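Visitor: kindly return the folded structure for what I paste below:
(one chain, ligands or ions: 3)
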Amino acid sequence: MPNVTVIGAQWGDEGKGKVVDWLASRADIVVRFQGGHNAGHTLVVGNQTYKLSLLPSGLVRGKLGIIGNGVVVDPEALLAEIERVRAQGLHVSPENLRVADNAILILPVHSAIDRAREVARGDRKIGTTGRGIGPAYEDKVARRAIRVCDLAEPETLDEKLDEVLLHHNTLLKGLGAETFEKQVLLDRLLELAPRILPYAEPVWERLDEARRAGKRILFEGAQAVMLDVDHGTYPFVTSSNTVAATAAAGSGVAPSTIGFVLGIAKAYCTRVGSGPFPSELHDATGRLLGERGFEFGTVTGRPRRCGWFDAALVRQAVKVGGIQGLALTKIDVLDGLAELKICTGYRIGGEVFRRLPAAPRAQAAAEPIYETMEGWSASTRGARNWAELPAQAVKYVRRLEELVEAPVTLLSNGPERDETILMRDPFEG
Ligand code: GDP
Ligand code: IMO
Ligand code: MG
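Guide: Ligands and ions are numbered 1, 2, ... in the order given. Alright, predicted model coming up:
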């Protein structure tokens, strides 16, 4: 099984970018299959830090990057990101970046609706990135979305904009926000078309050829299982499926092509935006994790909420996400803590649960049940293999493996590429 699919196993920002970058050296193609520029993947390579939102992380390794049909593409954001990474010395051209011609476009109306709706929600806001992700996916299933291929057909754009604006301007008016003029949007799309279309193609065909030629494909997930629109902490989720199965539908390949599913989990837990987080810490330890882990949103700069590792949640993510092995990241952030807690389940209204129930009030009421472990004082930074890790850190990892019912196949002990300990090569299955 030569391919690997990487997904987040918590609420995002687990270090998917770093792990994908590291694995990309063994891959031929890296594919994004869902989400959009709500994602923020950080790669630290020597003295350069790359923050990628839409571009597949493999581009940094000089690999072919593919943006699949399951991704929602803001053409302005895509072009701006290409310019940004070019300024950092990366080569990006239609030779090494392909975009699915049937991917959905995010338009300025989508981010306007996203932001206006968040304001209207008040205290019950989701805490979205405001980038129009949800409204763009809504347009997709409502069958009115504009797709990359439509940029080649001015008449199609003209017709579709009528339908898009009939819907969204009505909503914007109702929300008391500014409406959009069709001609302005049309002119801008026609301006962007010649800059986007050279990247467009039916990527499923290229992926099929690659698969038949025995090329190694790495599928790069965004967000995480607990933000999945079906399996996450709904409604505090993103608007796409983030589980591994989406890699197939979101890029146009057979389910068997997704290969080994590697889930990424932090050695503790973070979340940006609103929603339940049973093991959240509101004390000095939470602040310490945030400071040591530099836990600020890559996209929005918001401080991330921090808490203990939630094994009940990751176990659930392993099951519904199809995770076969875990990459455990940021173990170094726990160095020097005298005591560590692991959430093993929840108490809700006197009942004990080993999983997070689906209903929102039950989720909000979930009290964590903790198991306590001794920490370690030595640094995990610099360890290049299992044997060089503090014994207590190994014990902690072993206990997590038992609780989440999945093996830790990769350990990350620092933000840099080579601060990675491999236990089992995911490309070997
Ligand atoms: P992603 O969205 O899953 O790709 O994760 P982000 O890039 O948004 O956030 C992860 C952050 O943790 C980034 O700043 C990474 O550079 C950093 N990081 C990744 N792995 C490690 C690690 O093992 N140790 C430390 N200290 N930082 C890490
Ligand atoms: P990466 O790929 C963390 C969160 C937002 C919000 C919710 C819905 O870097 O892990 P959206 O704009 O998608 O409608 O917002 O999802 N969210 C993320 N949180 N990491 C991400 O991506 C996220 N993408 C969206 O904060 O709570
Ligand atoms: Mg991120």
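Visitor: quick check, pLDDT for residue 255.
Guide: Looking at residue 255, its pLDDT is 97.
Visitor: just checking, it touches residue 244?
Guide: No - the pair residue 255 and residue 244 fails to qualify as a contact (Cβ atoms under 8 Å) at a distance of 9.4 Å. All C-beta spots, glycine's among them, are computed from the backbone N, C-alpha and C.
Visitor: show me which residues of the stretch 201-350 of the chain sit near ligand 2.
Guide: Residues of the stretch 201-350 of the chain lying near ligand 2 by Cβ under 6 Å from any ligand atom: 222, 223, 224, 227, 238, 239, 272, 273, 298.
Visitor: hmm, the one helix or strand residue 312 maps to touching ligand 1?
Guide: Taking DSSP states H and E as the criterion, residue 312 maps to helix 311-321. No - against ligand 1, helix 311-321 shows no contacts by Cβ under 6 Å from any ligand atom, the least distance being 13.5 Å.
Visitor: distance of the spatially closest residue to residue 86 that is not a sequence neighbour from residue 31?
Guide: Leaving aside its chain neighbours, residue 86 sits nearest to residue 92 (6.0 Å; criterion: Cβ to Cβ, 6 or more residues apart in numbering). Distance, residue 92 to residue 31, using Cβ to Cβ, to the nearest Å: 16 Å.
Visitor: those two - which one has more neighbours?
Guide: residue 31 (32 against 17; other Cβ atoms under 10 Å).
Visitor: quick one: pLDDT of the more buried one?
Guide: The model reports residue 31 with a pLDDT of 98.
Visitor: would it count as being in a strand?
Guide: Yes - counting by DSSP: H, G, I helix; E, B strand; the rest coil, residue 31 falls inside a strand.
Visitor: assign a three-state SS to the nearest residue to it once chain neighbours are set aside, would you?
Guide: Among residues not flanking residue 31 along the chain, residue 66 sits closest, at 4.4 Å (Cβ to Cβ, 6+ apart). Three-state call for residue 66 (three-state DSSP): strand.
Visitor: what count of nearby residues applies to the residue of the stretch 301-429 of the chain found nearest ligand 3?
Guide: Closest contact between the stretch 301-429 of the chain and ligand 3, by Cβ to the ion, is at residue 304 (9.3 Å). Residue neighbour count, defined by other Cβ under 10 Å, stands at 20 for residue 304.
Visitor: can you name the residues of this protein that neighbour ligand 3?
Guide: Contact residues (Cβ under 5 Å from the ion) of the chain with ligand 3: 13, 40, 298.
Visitor: who's in contact with the first one?
Guide: Going by Cβ atoms under 8 Å, 6 or more residues apart in numbering, residue 13 touches 40, 266, 270, 272, 295, 297, 298, 304.
Visitor: any idea which of those is least confident?
Guide: Within those, pLDDT is lowest for residue 298, at 82.
Visitor: that residue in helix, strand or coil?
Guide: On the three-state scheme (three-state DSSP), residue 298 is labelled coil.
Visitor: which phi and psi does the closest residue to it other than its chain neighbours have?
Guide: In space, and not counting its chain neighbours, residue 298 is closest to residue 40: 2.6 Å by Cβ to Cβ, 6+ apart. Backbone geometry at residue 40, expressed as degrees, to the nearest 10, gives phi -140, psi 110.
Visitor: returning to what we had before: more neighbours: residue 255 and residue 244, which one.
Guide: Set side by side, residue 255 and residue 244 show more neighbours around residue 244, with 26 against 11, by other Cβ under 10 Å.
Visitor: does the more buried one count as helix, strand or coil?
Guide: Following three-state DSSP, residue 244 is assigned to coil.
Visitor: neighbours around whichever residue of the chain sits closest to ligand 2, how many?
Guide: Using Cβ to the nearest ligand atom, residue 273 is the residue of the chain that sits closest to ligand 2, at 2.1 Å. By the criterion of other Cβ under 10 Å, residue 273 has 21 neighbours.
Visitor: so it belongs to a strand, correct?
Guide: No - per three-state DSSP, residue 273 lies outside any strand segment and is coil.
Visitor: so it sits against residue 118, correct?
Guide: No - if you go by Cβ under 8 Å, residue 273 and residue 118 don't touch, sitting 10.2 Å apart.
Visitor: any low-confidence regions in the stretch 51-200 of the chain?
Guide: The model of the stretch 51-200 of the chain has no residue with pLDDT under 70.
Visitor: residues in contact with the residue nearest to the residue of the chain closest to ligand 2 when sequence neighbours are not counted?
Guide: Excluding the flanking residues, the one nearest residue 273 by Cβ to Cβ, 6+ apart is residue 127, at 3.0 Å. Residues near residue 127 by Cβ under 8 Å, 6+ apart: 118, 236, 272, 273, 274, 275, 302.
Visitor: with residue 218 instead?
Guide: By Cβ under 8 Å, 6+ apart, the residues touching residue 218 are 3, 4, 5, 6, 20, 23, 24, 27, 29, 30, 31, 58.
Visitor: if we go to 6 Å?
Guide: Listed by Cβ atoms under 6 Å, 6 or more residues apart in numbering, the contact partners of residue 218 are 4, 23, 27, 30.
Visitor: out of the residues you listed, which are buried?
Guide: Those of the contacts of residue 218 that meet the buried threshold are 4, 23, 27, 30, by 16 or more other Cβ atoms under 10 Å.
Visitor: so which of those sit within helices?
Guide: Among these, the members found in helices (DSSP state H) are residue 23.
Visitor: can I get the buried ones among the contacts of residue 218 in a markdown table with distance to residue 399?
Guide: As requested, the buried ones among the contacts of residue 218 are exported to a markdown table (distance: Cβ to Cβ, whole Å):
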| residue | distance to residue 399 |
| --- | --- |
| 4 | 26 |
| 23 | 26 |
| 27 | 31 |
| 30 | 33 |
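Visitor: ok, which pair from the buried ones among the contacts of residue 218 is furthest apart?
Guide: 4 and 30 (10.0 Å; Cβ to Cβ).
Visitor: related to what we said a few turns ago, in a markdown table, list the contacts of residue 13 along with distance to residue 259.
Guide: Putting these into a markdown table (distance: Cβ to Cβ, whole Å) gives the following:
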| residue | distance to residue 259 |
| --- | --- |
| 40 | 25 |
| 266 | 23 |
| 270 | 28 |
| 272 | 29 |
| 295 | 31 |
| 297 | 30 |
| 298 | 27 |
| 304 | 30 |
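Visitor: contacting residues around residue 201?
Guide: Residue 201 makes contact with 98, 101, according to Cβ under 6 Å, 6+ apart.
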